[in-house]
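In: What follows is a predicted protein model with its sequence.
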Amino acid sequence: MPDINELRDVVRGRVLTDPDDMAPFLTDWRRIWTGRALAVVQPDDAEVVAAVVRWCGDHGVAIVPQGGNTGLSGGATPLAVGACIVLSLARMKAIRTVDAVNNTITVEAGCILADVQAAAQDVNRLFPLSLAAEGSCTIGGNLATNAGGTGVLRYGNMRDLCLGLEVVTADGAVWDGLRALRKDNTGYDLRDLFIGSEGTLGVITAAVLKLFPPSVGRCVAVAALECPANALDLLHLAQTHLSGGLTGFELFSDFCLELVLHHREGARRPVEESAPWYVLIEASSATDADLANEAMQSLLEAGFEQGLVIDAALSSSEAQAEALWALREDISEAQGEAGKTIKHDVALPLSQLADFIIESEAALDARFPEVRTGVFGHVGDGNLHFNVLPRDGTPDTIVESLTGPVNKLVHDIVVARGGSISAEHGLGVLRRDESARYKSEVEMAMMRCIKHALDPRGIMNPDKLLAHDVGSLVGQ
Ligand code: FAD
């Protein structure tokens with residue numbers, strides 16, 4: 001067993017080995033997985049990260065990079081067999097530069113997302129990645145999972161928001177790829193390899209991110225609809241009426257809304273009569289708050305005329321806009337209270353999305369009458385959280401026992417319709433094996449090739465994203 005005390009010199013004492021100190025780093029946010037590690041190591045700059053990686057490589061110790069530990073697929077939990085450390089980036093949270101002319105910000109990987117948003121706001125700019133965990137997730141974790149959230153429709157996901165990276169490679173070298181360029185065709189795109197790699201290829205230590213002009217005003221509406229197909233027709237209309245001003249388009253079922261109304265005191269139904277489905281639409285304007293409101297009104301009128309919208313509520317203040325958004329944002333938490341949930345984070349071509357919901361709900365009803373769906377998501381991006389919850393009276397143990405077959409049923413339909421079984425949460429350990437089953441042998445072979453080329457000793461987050469490769473892993 002390697003002497004972990006040697007690492008104390010390398011990282012100037014920032015090594016946690018006491019079980020109580022380490023505990024928060026060893027269990028994931030949802031408390032599904034708990035792992036074990038020799039130590040939690042907290043470097044404060046890239047050179048120290050590189051020294052830690054070299055030490056681990058020399059001693060056959062695996063490395064699990066960790067940011068805010070809010071990931072939902074188990075990627076940041078140390079679960080591998082054999083000796084490993086958690087490499088926490090939490091102390092690397094400097095904002096290195098803000099370049100308002102170039103519309104970029106250069107930050108260290110341990111920066112909390114909300115702090116980066118605030119730093120952008122200080123120079124009257126917007127960093128548009130936005131998700132419910134923004135108060136604790138980090139830029140390194142956002143990049144390593146290629147996070148999405150509610151701003152993707154207008155601004156893209158983390159891959160679209162990143163221009164350059166600094167990475168410590170698996171052999172302990174520092175790659176300075178902190179380019180602040182919007183055009184750079186000088187060979188393979190190494191940056192894009194590390195984004196979404198879930199800590200399996202190297203440690204991201206800093207990034208150059210894009211900034212945007214902020215919106216001056218926004219208008220939020222919730223429209224009641226008969227079916228998801230009408231939501232997609234309304235999205236098409238919204239793209240015409242609002243164009244680049246369309247900054248949010250979220251779908252949720254009446255069952256999801258009911259859960260929120262029950263869960264949160266003070267939450268109110270946005271329209272008089274309940275309807276089977278709702279969409280939340282956000283329109284923003286960079287120049288004039290009234291413009292967003294006018295464009296939204298004209299969209300809703302067109303929606304009524306075409307028979308797509310049954311009823312609608314429109315915000316006339318920022319407080320009302322926030323209250324409408326809260327109905328959507330509270331769904332996850334409200335579902336958590338309703339019992340054991342089988343979660344699916346799927347993406348589909350928009351043209352397949354409505355039929356996917358109909359087909360999957362019918363198939364689930366027929367085969368698993370003990371459960372029901374609670375569907376919501378970033379429908380503008382083709383991303384649904386197609387969750388499955390117990391019907392009244394179904395114990396959690398039954399739902400638990402159905403997880404495998406329900407996953408297979410839902411994911412088979414997703415893949416048959418050209419979709420993805422992980423839209424924004426990554427593979428980690430949760431979807432690793434299922435993903436391998438659905439991908440072609442050609443695709444899996446290329447992925448293994450990249451892993452071997454960049455991490456030949458297999459020390460970077462082994463067993464995540466790709467299954468354990470007996471030939472190359474440390475400790476074999
Ligand atoms: P961690 O959980 O610490 O790590 C996640 C993965 O990245 C792990 O594989 C880890 O090894 C790797 N990693 C972390 N830091 C580094 C690094 N510096 N270098 C290399 N690898 C690294 N995701 C969405 O996309 N959209 C959402 O809307 C969304 N909503 C969420 C809401 C809640 C309430 C929660 C808890 C999570 C949500 N997520 C969402 C999940 C999302 O992926 C994470 O919140 C976030 O992106 C992960 O950041 P983190 O710093 O917590 O990473």
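Out: Ah, there it is. Numbering: from 1, shown residues only.

In: Spatially nearest residue to the closest residue to the ligand within the stretch 351-476 of the chain (excluding sequence neighbours)?
Out: With C-beta to the nearest ligand atom as the measure, Glu424 is the residue of the stretch 351-476 of the chain nearest to the ligand, at 3.3 Å. (Glycine included, C-beta is placed from N, CA and C.) Spatial nearest neighbour of Glu424, chain neighbours left out: Gly148 (3.6 Å); criterion: C-beta to C-beta, 6 or more residues apart in numbering.

In: Show me which residues of this structure sit near the ligand.
Out: Proximity of the chain to the ligand, by C-beta under 6 Å from any ligand atom, involves residues 29, 64-72, 75-76, 89, 109, 131-133, 137-138, 140-142, 144-145, 147-149, 198-199, 203-204, 424-425, 428, 461, 464.

In: Just the buried residues out of the residues you listed, in ChimeraX syntax.
Out: Selecting the buried subset of the residues of the chain next to the ligand in ChimeraX, with 16 or more other C-beta atoms under 10 Å as the burial test, is done by:
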select :29,64,65,66,67,68,69,70,71,72,75,76,89,109,131,133,137,138,140,141,142,144,145,147,148,149,198,199,203,204,424,425,428,461,464
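
In: pLDDT value on the nearest residue to Gly418 once chain neighbours are set aside, please?
Out: Spatial nearest neighbour of Gly418, chain neighbours left out: Pro349 (5.5 Å); criterion: C-beta to C-beta, 6+ apart. In this model, Pro349 is scored at 98, pLDDT.

In: Please report phi then psi for Pro349.
Out: Backbone torsions of Pro349, given as degrees, to the nearest 10, read phi -60, psi 140.

In: and the residue of the stretch 101-250 of the chain nearest the ligand?
Out: Counting by C-beta to the nearest ligand atom, the stretch 101-250 of the chain gets nearest the ligand through Gly141, at 2.1 Å.

In: Give me the secondary structure label for that residue.
Out: Classification of Gly141 by DSSP: H, G, I helix; E, B strand; the rest coil places it in helix.

In: OK, contacts around it?
Out: Gln66, Gly67, Gly68, Thr70, Gly71, Ala76, Ala147 (C-beta atoms under 8 Å, 6 or more residues apart in numbering).

In: Now intersect the residues you listed with the strands, please.
Out: Among these, DSSP state E puts Gln66 in strands.

In: Columns pLDDT on top of the contacts of Gly141, output as JSON lines?
Out: Converted to JSON lines, the contacts of Gly141 look like this (pLDDT from 0 to 100):
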{"residue": "Gln66", "pLDDT": "98"}
{"residue": "Gly67", "pLDDT": "98"}
{"residue": "Gly68", "pLDDT": "98"}
{"residue": "Thr70", "pLDDT": "97"}
{"residue": "Gly71", "pLDDT": "97"}
{"residue": "Ala76", "pLDDT": "98"}
{"residue": "Ala147", "pLDDT": "97"}
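
In: Phi first, then psi, for the most centrally placed residue in the chain.
Out: Centroid-nearest residue in the chain, with C-alpha atoms, centre = their mean: Ala147, separated by 3.6 Å. When read as degrees, to the nearest 10, the backbone of Ala147 gives phi -60, psi 150.

In: Now do the contacts for the nearest residue to it once chain neighbours are set aside.
Out: Spatial nearest neighbour of Ala147, chain neighbours left out: Met158 (4.9 Å); criterion: C-beta to C-beta, 6+ apart. The contact partners of Met158, by C-beta under 8 Å, 6+ apart, come to Leu129, Asn142, Leu143, Thr145, Asn146, Ala147, Gly148, Ile195.

In: for Glu273, same thing?
Out: Ala224, Ile310, Asp311.

In: Okay, and which of these map to helices?
Out: Among the contacts of Glu273, DSSP state H puts none in helices.

In: quick one: which of these is nearest to Gly82?
Out: The nearest member of the contacts of Glu273 to Gly82, counting by C-beta to C-beta, is Ala224 at 54.4 Å.

In: can I assume that closest one is in contact with Ala312?
Out: Yes. Using C-beta atoms under 8 Å as the test, Ala224 is close enough to Ala312 to be in contact (6.8 Å).

In: Quick check: neighbours shared by those two?
Out: With C-beta under 8 Å, 6+ apart as the test, Ala224 and Ala312 both reach Val271.

In: can you pull the contacts of the residue nearest to Gly418?
Out: Contacts for Pro349 (C-beta under 8 Å, 6+ apart) come out as Gly382, Arg417, Gly418, Gly419.

In: From the residues you listed, keep the buried residues only.
Out: By neighbour count, with 16+ other C-beta under 10 Å, the contacts of Pro349 hold Gly382, Arg417, Gly419 as buried.

In: nearest residue to the last one other than its sequence neighbours?
Out: If I follow you right, that is Gly419. What sits nearest to Gly419 in space, not counting adjacent residues and going by C-beta to C-beta, 6+ apart, is Leu348, at 3.9 Å.

In: how far away is that neighbour from the ligand?
Out: To the ligand, Leu348 is 17 Å away according to C-beta to the nearest ligand atom, to the nearest Å.

In: these two touch, right, that residue and Ala416?
Out: No. If you go by C-beta under 8 Å, Leu348 and Ala416 don't touch, sitting 10.5 Å apart.

In: More neighbours: which of the two?
Out: Using other C-beta atoms under 10 Å as the criterion, Leu348 and Ala416 rank with Leu348 on top: 24 against 11.

In: got the phi/psi numbers for that one?
Out: phi -140, psi 160.
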